[in-house]
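Trainee: Quick one: sequence and predicted model below, then my questions.
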Amino acid sequence: MKLNVTINNRQHQVELTRDSSPLVATVDGVPHEITIHDSHAARNAADGQTYLLSLANRIYECRSTGTLEMEIAVGNRVYRAHVSDPRALPADAATADAAGGRARLTASMPGKIVRVMTRRGAQVEAGDSLVVVEAMKMQNEMKAPKSGTVVELHAEAGETVQAGDVLVIVE
């Protein structure tokens, strides 16, 4: 899986390979073996879930702070990171599709649906959270691309999805 990660206004290309353990993350062409540990003590913290990453005999604390957002603590310094899928439609393409009457909400990466917060026929506002997909031990809130009515719902908690799968259609 290829991702774009922006840290302190600097974009990095990251490719994740889960074929083996540990996870291999190739960052800007340089491969790194990473082990992800769930930090149970902070699992229910109000600021999101916390994970520990082991890389080259060093431990890094990562906190998910929202949809594809995280903080990475290295010693006393905290870095904010934004993760995006380069295969996702740019915002202007999503707007153009929405202007045509229907807007599709698709999974940006493979994962498991952990929560569905809408139903068919529901009235939603642009930006409303509709579905939460867990991928790579991070929960990603999928938000309504436009205001309107949910005309199709293809998401059910516990289901596995692939990148590009249509989860919700709003008209």
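Mentor: Right, received. Where do you want to start?

Trainee: Can you name the element that comes right after the worst-scoring helix or strand of the chain on mean pLDDT?
Mentor: Considering only helices and strands, the least confidently modelled element of the chain by mean pLDDT, DSSP states H and E is helix 91-99, at a mean of 44. Read in the C-terminal direction, the helix or strand following helix 91-99 is strand 103-106, with elements assigned using DSSP states H and E.

Trainee: Can you pull out the residues in contact with that next one?
Mentor: Strand 103-106 has contacts (CB atoms under 8 Å, 6 or more residues apart in numbering) with 88, 94, 97, 130-131, 142-146, 148, 163-171. All C-beta atoms are positioned from the backbone trio N, CA, C, and that covers glycine.

Trainee: partners of it, with directions?
Mentor: Within its sheet, and counting by DSSP bridges, strand 103-106 is paired with strand 166-170 (antiparallel).

Trainee: what sits against the nearest residue to Q123 once chain neighbours are set aside?
Mentor: Taking CB to CB, 6 or more residues apart in numbering as the measure, Q123 lies nearest to T149, with 5.9 Å between them; neighbours along the chain are not counted. Going by CB under 8 Å, 6+ apart, T149 touches 121-124, 170-171.

Trainee: my guess is T35 meets Y51, correct?
Mentor: No. At 10.4 Å, T35 does not count as touching Y51 under the criterion of CB atoms under 8 Å.

Trainee: Go through the contacts of T149 and name the one nearest R77.
Mentor: Of all those, V124 has the smallest distance to R77: 38.6 Å, by CB to CB.

Trainee: Show me what that closest one is bridged to.
Mentor: Judged by DSSP bridges, the bridge partners of V124 are G148.

Trainee: Pull up the gap between it and N9, please.
Mentor: Applying CB to CB, to the nearest Å, the value for V124 to N9 is 32 Å.

Trainee: cool, and P22?
Mentor: From P22 over to N9 (counting by CB to CB), the distance is 29 Å.

Trainee: More neighbours: the two, which one.
Mentor: P22 (13 against 7; other CB atoms under 10 Å).

Trainee: Can you read off the pLDDT for A81?
Mentor: Per-residue confidence (pLDDT) for A81: 80.
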